[in-house]
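got a sequence here, can you build the structure:
(one chain, ligands or ions: 1)
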Amino acid sequence: MNVPASRPDWVPPDAGTEFTTRVVAGTPPRAIPAGRAKRRAPEDGAALAAAIRAGDRSALARGITLVESRAAAHRAAGDELLQRLSPFAGGSVRVGVTGPPGAGKSTFIDALGAQLGGAGRAVAVLSVDPSSPVTRGSILGDKARMERLARLPNAFIRPSPSGGELGGVARRTRETIVLCEAAGFDVVLVETVGVGQSEVLVRGMVDCFLVLLLAGAGDELQGIKKGIIELADVLAVNKADGDNRARVETARRELARAVHYLAAPDGAWQPPVLACSARTNEGIDEVWRAVERFVAGGRAHGGFAARRREQSLAWLGALVEEGLREAFAARPEVMRLRAELEPRVAGGTLPAPAAAQAILAASGWRAPEFSAKGAAVGKIRPVMGGDSG
Ligand code: GDP
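I've put the predicted structure just below:
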């Protein structure tokens, strides 16, 4: 390559070859017109996949945005990206971390991730933020989170878009895991708030489900749903530091008893109940060792592979269902009928089952449970003003 080069001005004019330095002229940055700064060319799935595989973090972030997108224009590139990257997925340990707001999830993930990162693991953190369905606000919040982890070069933190619907965010979390694994991350931590449905969804995407709890003021088990304990593979009571230590130990013992009674029959995994402090790092190691023990045991007796197989089938089912729902909703006759019938159902002049039957029938679908009530369709037809079915 013929690059114009000159000697730096501190080299004496009559110097020989003892000065090896050359200054190569650079290219001045091109100014980007203000209005166009944000616009990007459409993503090319193949190029993006290659960049993600090469460890380009900004490509990974763009890839996730692409698969999260609901825009029809992004679908083909998103699908291509997933197809190209899927063969490289599956290599990480996927761990779900849940707990009530304030349990210390993000502090814990920060501490754990920093430890793992320090030990040479590449850690990706994905947050599944269910968002409040009422306010559309984020439950996980946008406080400065995971500062230790964020500084590590081999870590990647991806908060989910706030205001996204629960199913939508969780649906794309599976795809995001694929992308992170293809990018070389060997630990994927999926954070979710333990307030309802989201933890069940996340439990269905991970190899190990870790539940973080707090020592309560009175009855230690108050407010802890039996359901969430049954989902857990490992439990930890956080904030075992300072004055809180003794209370955490009491809570831990009480919880361990409850877990023992709820736990699976002999021979199966007995979820350990540990104590830790995300603030002092005490016990974090032990929690991770329990996760590794669980995963190693599962790999040895086949539970790990069986769980992943089950999860793949659930993923397939979810995608087919989603595709059907979208294709159905996009049919012109369905859109027209819904627009027509919804105000009547809302106004109380048409029963919901009758309207549903009309919409399903008009689209060529006829749900079996409605077929016995043909009379209802007859009543609606004249209102639709013609033959739409
Ligand atoms: P999240 O809502 O579950 O993500 O909880 P955060 O990680 O945001 O923590 C909630 C609060 O608890 C913050 O003020 C943290 O500093 C604090 N916290 C988290 N972990 C610990 C801990 O191990 N010990 C103590 N004392 N405080 C903690």
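
and Ala236, helix, strand or coil?
strand (DSSP: H, G, I helix; E, B strand; the rest coil).

and if you look at the one 3 residues further on?
For Lys239, the secondary-structure state derived from three-state DSSP is coil.

who's in contact with it?
Lys239 makes contact with 104, 214-215, 248, 277-279 under the criterion Cβ atoms under 8 Å, 6 or more residues apart in numbering. Using the backbone N, CA and C atoms, a C-beta is placed for each residue, glycine as well.

okay, now the residue in the stretch 51-200 of the chain positioned nearest to the ligand: neighbour count?
At 3.0 Å from the ligand, Gly104 is the closest residue in the stretch 51-200 of the chain, using Cβ to the nearest ligand atom. Using other Cβ atoms under 10 Å as the criterion, Gly104 is surrounded by 21 other residues.

which pLDDT value goes with it?
For Gly104, the pLDDT comes out at 91.

am I right that it is in contact with Asn238?
Yes: at 4.2 Å, Gly104 counts as touching Asn238 under the criterion of Cβ atoms under 8 Å.

common neighbours of these two, please.
In contact with both Gly104 and Asn238: 212, 214, 278, using Cβ under 8 Å, 6+ apart.

among these, which ones lie close to the ligand?
Ala278 (Cβ under 6 Å from any ligand atom).

phi first, then psi, for Leu189.
phi -100, psi 120 (degrees, to the nearest 10).

what do you get for Ala330?
Torsion angles, degrees, to the nearest 10, at Ala330: phi -80, psi -10.

and what of Ser69?
phi -70, psi 140.

hey, what's Val187 bridged with?
Val93, Val123 (DSSP bridges).

that one: neighbour count?
21.

and it, what does it touch?
92-93, 95, 113, 116, 121-124.

try Gln115
With Cβ under 8 Å, 6+ apart, Gln115 has these contacts: 281, 284-285, 288.

which parts of the stretch 101-250 of the chain sit against the ligand?
Near the ligand, when you scan the stretch 101-250 of the chain using Cβ under 6 Å from any ligand atom, you find 101-107, 238-239, 241.

most neighbours, which of these?
Asn238 (28 neighbours).

that residue against Val211, yeah?
No: assessed by Cβ under 8 Å, Asn238 is found out of contact with Val211, at 10.4 Å.

so which residues make contact with the helix or strand harbouring Arg253?
Per DSSP states H and E: Arg253 is located in helix 245-262. If you take Cβ under 8 Å, 6+ apart as the criterion, helix 245-262 is touched by 213-216, 220-221, 224, 226, 229-230, 232, 235, 237-240, 270-271, 273-275.

run the last query once more with 7 Å
213, 215-216, 220-221, 226, 229-230, 235, 237, 239-240, 271, 273, 275 (Cβ atoms under 7 Å, 6 or more residues apart in numbering).

please identify the buried residues of it?
Across helix 245-262, burial judged by 16 or more other Cβ atoms under 10 Å covers 247-248, 251-252, 254-256, 258-259.

hmm, which two among the residues you listed are most spread apart?
Largest separation among these by Cβ to Cβ: Arg247 and Val259, giving 18.2 Å.

show me this protein divided up by domain.
Residue ranges for each domain of the chain read 42-88, 89-301, as given by automatic domain parsing.

how about the CA coordinates for stretch 63-80, as CSV?
Extracted C-alpha coordinates of stretch 63-80, given in CSV (Å, rounded to 0.1, in the frame of the first residue of the first chain):
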residue,chain,number,x,y,z
GLY,A,63,-28.8,-7.5,16.2
ILE,A,64,-30.9,-7.6,19.3
THR,A,65,-32.7,-4.5,18.3
LEU,A,66,-33.5,-6.1,15.0
VAL,A,67,-34.9,-9.3,16.4
GLU,A,68,-36.9,-7.3,19.0
SER,A,69,-38.4,-5.2,16.3
ARG,A,70,-42.0,-5.7,15.3
ALA,A,71,-41.6,-3.8,12.1
ALA,A,72,-42.3,-5.9,9.0
ALA,A,73,-39.3,-4.4,7.3
HIS,A,74,-37.0,-5.9,9.9
ARG,A,75,-38.4,-9.4,9.9
ALA,A,76,-36.5,-10.9,7.0
ALA,A,77,-33.2,-9.6,8.3
GLY,A,78,-34.0,-10.7,11.8
ASP,A,79,-34.9,-14.2,10.7
GLU,A,80,-31.8,-14.5,8.6
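
and the strands in the stretch 151-300 of the chain, which stretches?
Assigned by DSSP state E, counting those that start in this stretch, the strands in the stretch 151-300 of the chain fall at 155-159, 187-193, 208-213, 234-237, 273-275.

how many neighbours does Pro332 have?
9.

from Ala76, how far off is it?
From Pro332 over to Ala76 the distance is 23 Å, taken as Cβ to Cβ, to the nearest Å.

how about Ile229?
43 Å.

that older thread, so which of the contacts of helix 245-262 sits lowest on pLDDT?
Lowest-confidence member of the contacts of helix 245-262: Glu220, scoring 47 (pLDDT).

Ser127 looks like it's in a strand, true?
Yes: counting by three-state DSSP, Ser127 falls inside a strand.

surely it touches Met146?
No: look at Ser127 against Met146 with Cβ atoms under 7 Å: they stay out of range, at 9.5 Å.

right, and the helix or strand after the longest helix anywhere in the chain?
Longest helix in the chain by number of residues (criterion: DSSP state H): helix 303-329. Sequence-wise, the next helix or strand downstream of helix 303-329 (DSSP H and E) is helix 332-347.

mind checking how far that next one is from the chain centre?
34 Å (Cα atoms, centre = their mean, to the nearest Å).

angle of it against helix 303-329?
Following axes from the mean of the first three to the mean of the last three Cα atoms, to 10 degrees, one obtains 90 degrees for the angle between helix 332-347 and helix 303-329.

just checking, what packs against helix 332-347?
Under the contact criterion of 3 or more Cβ pairs under 7 Å, 6 or more residues apart in numbering; DSSP states H and E, helix 332-347 touches helix 352-362.
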